[in-house]
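Trainee: Please find the sequence and the predicted model below.
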Amino acid sequence: MKMQFKNSWFRRSSCPTQSAEACLLLGAQKPSTAANCPIDLQKAAQYLVFVRIKSLTNFVFFLTAVFLVGCGCKTLNFSRQTNANLSTQTIRPGTVWPDDRGRHIQAHGAGILKLGDTFYLFGEDRTQTNDPEKRYVACYSSHDLSHWHFCRQVVQLADPEHIGTGWVLERPKVYYNASKRKFVMYAHLDDNIYSMARVAVLECDQVDGDYHYLKSLRPLGHESRDLGQFVDDDGTPYLLSEDRPNGFRIYQLSEDYLSIAKDVCLVPEHLEGLALVHYGGLYYVVGSHLTGWDANPNVYATASSLTGPWSAFADIAPPEMKTYGSQSTFLLKVVGTKTTNVVFMADLWEPDTLWDSRYLWMPLRIGDGKLWLPKPCDWKINIGTGEFTLIKTIPSGNKTPVRTEANQ
Ligand code: DGJ
């Protein structure tokens, strides 16, 4: 796997625990096997059966011993697995993030849909071995935002409109239309030079089923490149869309979620990677400047209504850090029994090896019209209470503080 400096904060190669933790995670997926047992059961059995078993009492003793040793091995493996799982509750920005198969999560340009107590993560699946003619969206599920079960590639789409080599399907977002019991996916559809500027609409009966391509559109005739998703507290679905000539727009979806009902607001700011959240009575929108795959200082604005007026845009982090090498994709509100927090979800793009792009997820400091992305560090969230804990150093036994540049 390629290791390189992403920016002054993001130094993958400097993390000594990365592979160790990945191994631990992988180990946690392995089923318990006899091979893990430190006692050679076969030899013990031969010895007992052929040399020592002389009476029924001895035989009963032998069976009991085998049973107890077996239980002991199982217990050992079980506790190892639990410890491994406990250690991986930590969310570690910038690292390889293995799913329950031990493979780096493929959910780039992602969004999250929560159903009951399950989070469903959808994103671009850039697996290196994918068919280069097709485009893929993966779906994962989780109850804690840390452990992700790979559901499946819910989109394995061949060029749907004869667009040609290098066609693009990016930033998939899934909505649940409860009245129609349908899952509707929106994604950016384009050609290799991003000149089509359209939105693809796909549909499915199940959250993690095969999404069927329905059509593409330009929202109310406007160009649409990067798109984002917002569902308001009352369930109304909105599409955020970069409209290159004008800025970005907030659209309300139609009743069946399959088209655009109205243009709620044009914000005359040229931003992409759009994400929006409603928190403490205010709407906060975050976006990235238009610098392709390269990181830039992401910014935010607030409004008391989606129609605006929106405040002036301000930096979400020290501008020289360029959002710590990342680009916004989604704002996840976690409502717990004690508190509500908002998680900033962003991509650390590797344009030449997109499958190796990492993620920067961090709880935001947000409220009273202010939004701030803390310098990235490991963290944990308690989904039940909504509380999070920042962990300032990587728990590796290595005493070196991590990401010292960001600490300055
Ligand atoms: C920036 C966008 O945010 C990404 O989704 C991707 O389209 C790149 N541009 C391509 O350059």
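Mentor: That came through fine. Note that the structure is predicted; figures quoted are calculated from it, not measured.
Trainee: Do a quick rundown of the helices in the stretch 51-200 of the chain.
Mentor: With DSSP state H, counting those that start in this stretch as the criterion, the stretch 51-200 of the chain has helices at 56-87.
Trainee: Residues of it that sit close to the ligand?
Mentor: By C-beta under 6 Å from any ligand atom, the residues of the stretch 51-200 of the chain that approach the ligand are 109, 170-171. Where you see a C-beta, it was placed from the backbone N, CA and C, and this is true even at glycine.
Trainee: Now, those residues that are in strands?
Mentor: Secondary structure assignment by DSSP state E places 109, 170-171 of these in strands.
Trainee: how about a markdown table for those, with pLDDT and distance to Y283 added?
Mentor: Putting these into a markdown table (pLDDT from 0 to 100; distance: C-beta to C-beta, whole Å) gives the following:
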| residue | pLDDT | distance to Y283 |
| --- | --- | --- |
| G109 | 99 | 22 |
| E170 | 98 | 24 |
| R171 | 98 | 20 |
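Trainee: Quick check: chain neighbours aside, which residue is closest to whichever residue of the stretch 151-300 of the chain sits closest to the ligand?
Mentor: Taking C-beta to the nearest ligand atom, the ligand has its nearest neighbour within the stretch 151-300 of the chain at G292, 3.8 Å off. Excluding the flanking residues, the one nearest G292 by C-beta to C-beta, 6 or more residues apart in numbering is P351, at 7.8 Å.
Trainee: what's around G273, how many residues?
Mentor: 26 (other C-beta atoms under 10 Å).
Trainee: hang on, I meant V286
Mentor: With other C-beta under 10 Å as criterion, V286 counts 28.
Trainee: if I pick it, what's in contact with it?
Mentor: Applying C-beta atoms under 8 Å, 6 or more residues apart in numbering to V286 gives the contacts 273-276, 298-300, 316, 328, 331, 344, 371.
Trainee: what sits opposite it in the beta ladder?
Mentor: Counting by DSSP bridges, V286 is bridged to A275, Y300.
Trainee: Grab the nearest non-local neighbour of the closest residue to the ligand within the stretch 1-150 of the chain.
Mentor: Closest to the ligand within the stretch 1-150 of the chain is G109: 5.2 Å, counting by C-beta to the nearest ligand atom. Residue nearest to G109 in three dimensions, not counting chain neighbours: R171, with 3.8 Å by C-beta to C-beta, 6+ apart.
Trainee: who's in contact with the one you found?
Mentor: 109, 111, 124, 187-188, 226-228, 329.
Trainee: Domain map for the chain?
Mentor: Following automatic domain parsing, the chain resolves into domains at 2-70, 108-407.
Trainee: got a list of what D144 touches?
Mentor: 89, 381, 383.
Trainee: Tell me the predicted confidence for the nearest residue to the second one once chain neighbours are set aside.
Mentor: Once flanking residues are discounted, I381 sits nearest to F388: 4.4 Å by C-beta to C-beta, 6+ apart. On the pLDDT scale, F388 is placed at 95.
Trainee: S328 and V343 touch, don't they?
Mentor: No: S328 is beyond contact range of V343, at 11.5 Å (criterion: C-beta atoms under 8 Å).
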